[in-house]
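K.L.:
this is the structure alone, sequence omitted:
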């Protein structure tokens, strides 16, 4: 018999291999096939194995659930929304802190342009920090949806350094025009990949905050990138308009 399960927490090929190895070690399991992009695992077994046994075999980093059409639709949707809000809470909290910090830096003589530059600078510094926490795992997760990182793996390795450099440029007001153009280019490329993933309804993890925080790829990721791109365009118009 073969059953399909949803597994959350997988971010890279290393996670995929870990899940496969753990499940294959169980008695009565004859074959295991993990679909990383869709966060699914197909398990062939000679005898039924309970979901609790499967979960116990996995690291606490991963959560396995039976994929079934028999689940109550309304309960499922409600739980998904609740889980999504819980998962995205760190992202909303970080955005709140960035907005507050940007405002405080400009509270005496508030200027929209300086506020946006400080926002973008702090944004890049904070987001690069989380990527540096797992510099080895980030490229694997990033290339799951970024077209350039997928085509050119080295790009995934240098991306956190690009963000850090852009953050310093915005905060120190160094070559602002160059930083704005680079922002539009790199976030534009990423947004194309994010949009494609959302349209394909792929259940993958967003690498915007590295792999330290398990954030799902959602519309929030698209909005986050769009805000930065819009700010960059507005600033360029103001500079050259």
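P.N.:
Good, I have the coordinates. Since this is a predicted model, take the numbers as computed values, not measurements. Numbers count the residues shown, from 1 in each chain.
K.L.:
what does the closest residue in space to residue 235 that isn't next to it in sequence show for phi and psi?
P.N.:
Nearest residue to residue 235 in three dimensions, chain neighbours excluded: residue 180, at 5.3 Å (CB to CB, 6 or more residues apart in numbering). In short, each C-beta sits where N, CA and C put it, glycine included. Phi and psi for residue 180, reported as degrees, to the nearest 10, are phi -70, psi -40.
K.L.:
burial measure for residue 180, as a count.
P.N.:
Residues within reach of residue 180, counting by other CB atoms under 10 Å, total 24.
K.L.:
verify the contact between it and residue 236 for me.
P.N.:
Yes - Residue 180 lies in contact with residue 236 (CB atoms under 8 Å); the separation is 5.1 Å.
K.L.:
ok, which stretches of this structure are strands?
P.N.:
Using DSSP state E, the strands of the chain run over 2-8, 29-35, 40-45, 63-66, 205-206, 215-216.
K.L.:
now the helices: where do they sit in the chain?
P.N.:
13-24, 51-57, 73-105, 112-132, 138-142, 147-151, 153-172, 176-199, 219-240 (DSSP state H).
K.L.:
next, the buried residues of the first one.
P.N.:
Buried residues in helix 13-24, counted by 16 or more other CB atoms under 10 Å: 15-16, 18-20, 22-23.
K.L.:
repeat that for the last one.
P.N.:
Using 16+ other CB under 10 Å as the test for burial, helix 219-240 gives 220-222, 224-225, 227-229, 231-232, 235-236.
K.L.:
make a markdown table out of those residues and add distance to residue 199 and pLDDT.
P.N.:
Converted to a markdown table, those look like this (distance: CB to CB, whole Å; pLDDT from 0 to 100):
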| residue | distance to residue 199 | pLDDT |
| --- | --- | --- |
| 220 | 16 | 75 |
| 221 | 13 | 80 |
| 222 | 11 | 84 |
| 224 | 17 | 85 |
| 225 | 15 | 88 |
| 227 | 20 | 91 |
| 228 | 21 | 94 |
| 229 | 18 | 94 |
| 231 | 25 | 93 |
| 232 | 24 | 94 |
| 235 | 29 | 93 |
| 236 | 28 | 93 |
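K.L.:
could you dump those residues to TSV with distance to residue 193?
P.N.:
Putting these into TSV (distance: CB to CB, whole Å) gives the following:
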residue	distance to residue 193
220	15
221	10
222	10
224	14
225	10
227	17
228	15
229	14
231	20
232	18
235	24
236	23
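K.L.:
by mean pLDDT, point me to the weakest helix or strand of the chain.
P.N.:
When the helices and strands of the chain are scored by mean pLDDT, DSSP states H and E, strand 215-216 comes last with a mean of 68.
K.L.:
on that earlier part again, quick one, which of the helices of the chain gets closest to residue 7.
P.N.:
Closest approach to residue 7 among the helices of the chain (CB to CB): helix 13-24, 6.1 Å.
K.L.:
from the strands of the chain, which stretch is densest packed?
P.N.:
Mean neighbours per residue, mean count of other CB atoms under 10 Å, is largest over these for strand 205-206, with a mean of 25.
K.L.:
and it, how far out from the chain middle?
P.N.:
3 Å (CA atoms, centre = their mean, to the nearest Å).
K.L.:
cool, and stretch 88-95?
P.N.:
Its chain's C-alpha centre and that of stretch 88-95 lie 12 Å apart, by CA atoms, centre = their mean.
K.L.:
now the most centrally placed residue in the chain: how far from residue 133?
P.N.:
Of all residues in the chain, the one closest to the mean position by CA atoms, centre = their mean is residue 206, 1.2 Å from it. Taking CB to CB, to the nearest Å as the measure, residue 206 falls 15 Å from residue 133.
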